[in-house]
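# Attaching a predicted model along with its sequence, questions to come.
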Amino acid sequence: MEKAIVDLFHENKENKAMELDDELHNIVVGDSTVMDYCNKIKSISDLLTNIGSPVNERNLVINALNGLSPKFAHIATIIRHKKPFPTWLELRSMLTLEEQSIIKEQNHIVPTPHHDTSPSPTILNIEHKTRTFNTTNRGSTSRRQGGG
């Protein structure tokens, strides 16, 4: 009976480790803040450590880089080429600073107001008709051209 319980625990532990590992490899920043994103990654890593499947720091950094959105492309490239490869805390710090920079830049972009008071474009059509006068008879006879 005791061996069956131990076997069941180990089986569940392996399944849980696979689930957490999959979650760690597929995590993306999405609309989360960098701090929330990093905390989620660290939480998954801690759970894996607790069940006997620790994630080394280098893989933790790589997983975090792989889940970043395009707005972090510039800093991600810098981090990937950093020698020596950054620690988890260095990565988190660099991403946090980049996020603050992005937010500051977005706050400085102010759309130019449009001051058009007309609700819609107006087109003015004017019909122009010319008059020709009969030169032989300078009386009151006038004729409009253009079928009028």
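That came through, no problem. Numbering: from 1, shown residues only.

# only C-alpha atoms for contact and neighbour calcs from this point on.
OK.

# can you list the weak-confidence ranges in the chain?
Filtered on pLDDT under 70, the chain yields the residue ranges 1, 4-10, 110-148.

# hey, which helix is longest across it?
With secondary structure taken from DSSP state H, the chain has its longest helix at helix 2-26.

# what's next to the following helix or strand past it, contact-wise?
Downstream of helix 2-26, the first helix or strand assigned by DSSP states H and E is helix 34-50. Residues outside helix 34-50 that contact it (C-alpha atoms under 8 Å, 6 or more residues apart in numbering) are 17, 20-21, 23-24, 27-29, 54-55, 60, 64, 92, 95-96, 99.

# Buried ones among these?
With burial judged by 16 or more other C-alpha atoms under 10 Å, the buried subset of these is 17, 20-21, 24, 27-29, 55, 60, 64, 92, 95-96, 99.

# now these as a markdown table including distance to Pro84?
As requested, the buried ones among the contacts of helix 34-50 are exported to a markdown table (distance: C-alpha to C-alpha, whole Å):
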| residue | distance to Pro84 |
| --- | --- |
| Ala17 | 29 |
| Leu20 | 28 |
| Asp21 | 25 |
| Leu24 | 23 |
| Ile27 | 25 |
| Val28 | 25 |
| Val29 | 24 |
| Val55 | 19 |
| Leu60 | 15 |
| Ala64 | 17 |
| Arg92 | 16 |
| Leu95 | 17 |
| Thr96 | 20 |
| Glu99 | 23 |
